[in-house]
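S.K.: Dropping the sequence and predicted coords here.
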Amino acid sequence: MKHIENPNHICVHAGELHDTIYGGATAPIYTSTAYDYRGEGTNLYPRYFNTPNQVALAKKIAALENTEAGLIFGSGMAAISAIFMAFLKTGDHIILQRNIYGGTSHFVTAEFENLGIHFTMIEHIDQSSLEAALTSNTKMVYIETPSNPLLEIVDISLVAAFAKANSLTSVIDNTFASPINQNPANYGIDIIMHSATKYLGGHSDICAGTVSASQLHIDKLWKTAKNYGGSLSDQTVYLLERSMKTLGLRVQAQSQNALELAQFLENHESVKKVYYPGLKSHPQHELATAQMRAYGGMMSFELHDSIDTAAFLEALEIVKPALSLAGVESTILAPSTTSHSLLTPEQRAAQGISDFLLRFSVGIEEVAIIKADLDQAITVSKKS
Ligand SMILES: *Cc1c(COP(=O)(O)O)cnc(C)c1O
């Protein structure tokens, strides 16, 4: 687990826009869509990703991921689709991890055929499965770790080395870990994306995406991204920057709470299985410990057959059944009917996602309160 120097300092100060007129402590918001073109530098325009607030926030995300440059997008999927469009063309082949965000795998299965892009999805990523999937047209390898919703851990160094050895662009969805817990660039990954809708935003009120990479990769991405037009409004850029100042504090609290709650659930007689990389029982606990600083705020679990899962969700009083994740409030959902409902039942079964699986996004509330809520909901939803 490689050290991050002063993460909270970076969260607050990296890429800071200063109010040079009034000396205010926070960044001014530049909302213009029309800028004087006669002055120095490039033409400023929101869709060119180059307004002052966008550029400043891109510096913050680049600093947090330890890369040279960054771009801010209107959503996580805008970032992901721009990456695919910029680095893949008709006839190319991409290797992807099978257990990835449902929207990403749906993009691949719904759009790649029209684009003439070939793909191979791998169940478990290791050297031999990567080698078996490699073709003469392979251009990219795409991973997500910890994965959604089963918290599977992929060996980042191994994937980065495989990509380098075969001249592929390596891409990681780093959303679940956040830059606080994991910096894939330190292990040689080329392109790091986040759904900023999740931890970076952190208050369940912003939809955004980010990409961090070398200047070379960002320049190439930018050329395509400005054509697709997925930039983020400067008003929302401002809100995201404001949120990211507390990213380190939030993720630290969420990771601590999650570890304690995972242990609590694992020892609970009414819980069948807990998926959390911080548990010694997690099959890749050592790998997670090697490449993450903490194990994050996300886990999944299945209740024992004696518990009615639907009744359990109804009975929760503090933990909110809600789509999305990573807010300061604890939320929970059943992936089979929500995040992974676009997959067929067979695809879900192949990924190990049962109809009873619950994905739990741990908030910053006092852990004793969340524990008591889970406990009372289990008690009242026992089947008679
Ligand atoms: C939510 C999510 C995305 C997509 O992000 P949007 O902001 O919803 O477009 C991608 N990857 C992961 C892991 C996510 O959780």
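M.R.: Received, thanks.
S.K.: Please report how far residue 166 lies from residue 83.
M.R.: For residue 166, the distance to residue 83 (C-beta to C-beta, to the nearest Å) stands at 18 Å. Using the backbone N, CA and C atoms, a C-beta is placed for each residue, glycine as well.
S.K.: do residue 141 as well
M.R.: Residue 141 is 12 Å from residue 83, where distance means C-beta to C-beta.
S.K.: joint contacts of those two?
M.R.: Residues touching both residue 141 and residue 83 by C-beta atoms under 8 Å, 6 or more residues apart in numbering: residue 171.
S.K.: Residue 166 and residue 83: who's more crowded?
M.R.: Shown here are residue 166 and residue 83; by other C-beta atoms under 10 Å, residue 83 has more neighbours (26 against 15).
S.K.: what packs against whichever strand or helix holds that one?
M.R.: Using DSSP states H and E, residue 83 maps to helix 76-87. Judged by 3 or more C-beta pairs under 8 Å, 6 or more residues apart in numbering; DSSP states H and E, the packing partners of helix 76-87 are strand 69-73, helix 102-115, strand 138-144, strand 169-173, strand 191-195, strand 209-213, helix 215-228.
S.K.: Give the pairing partners of the fifth one; include direction for each.
M.R.: Going back to what we said before, that points to strand 191-195. strand 169-173 (parallel), strand 209-213 (antiparallel) (DSSP bridges).
S.K.: Contacts (any at all) between the ligand and the first one?
M.R.: This points to strand 169-173. Yes - Strand 169-173 comes into contact with the ligand (C-beta under 6 Å from any ligand atom), by way of residue 173.
S.K.: Run the chain-centre distance for that strand.
M.R.: Offset of strand 169-173 from its chain centre (C-alpha atoms, centre = their mean, to the nearest Å): 12 Å.
S.K.: now the last one
M.R.: Taking the mean C-alpha point of strand 209-213 and that of its whole chain, the gap between them comes to 11 Å (C-alpha atoms, centre = their mean).
S.K.: got the contact list for that strand?
M.R.: Defining contact as C-beta under 8 Å, 6+ apart, one finds that strand 209-213 is touched by 58, 61-62, 64-65, 67-80, 82-83, 179, 185, 190-197, 200, 218, 221, 230, 232.
S.K.: which among those end up buried?
M.R.: Burial by neighbour count, 16 or more other C-beta atoms under 10 Å: within these this picks out 58, 61-62, 64-65, 67, 69-80, 82-83, 179, 185, 190-197, 200, 218, 221, 230, 232.
S.K.: Could you list which of those also contact the ligand?
M.R.: Okay, of the buried ones among the contacts of strand 209-213 touching the ligand (C-beta under 6 Å from any ligand atom), that's 75, 76, 77, 195, 197.
S.K.: Rebuild those residues as CSV, extending it with pLDDT.
M.R.: Formatted as CSV, these follow (pLDDT from 0 to 100):
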residue, pLDDT
75, 98
76, 98
77, 98
195, 98
197, 98
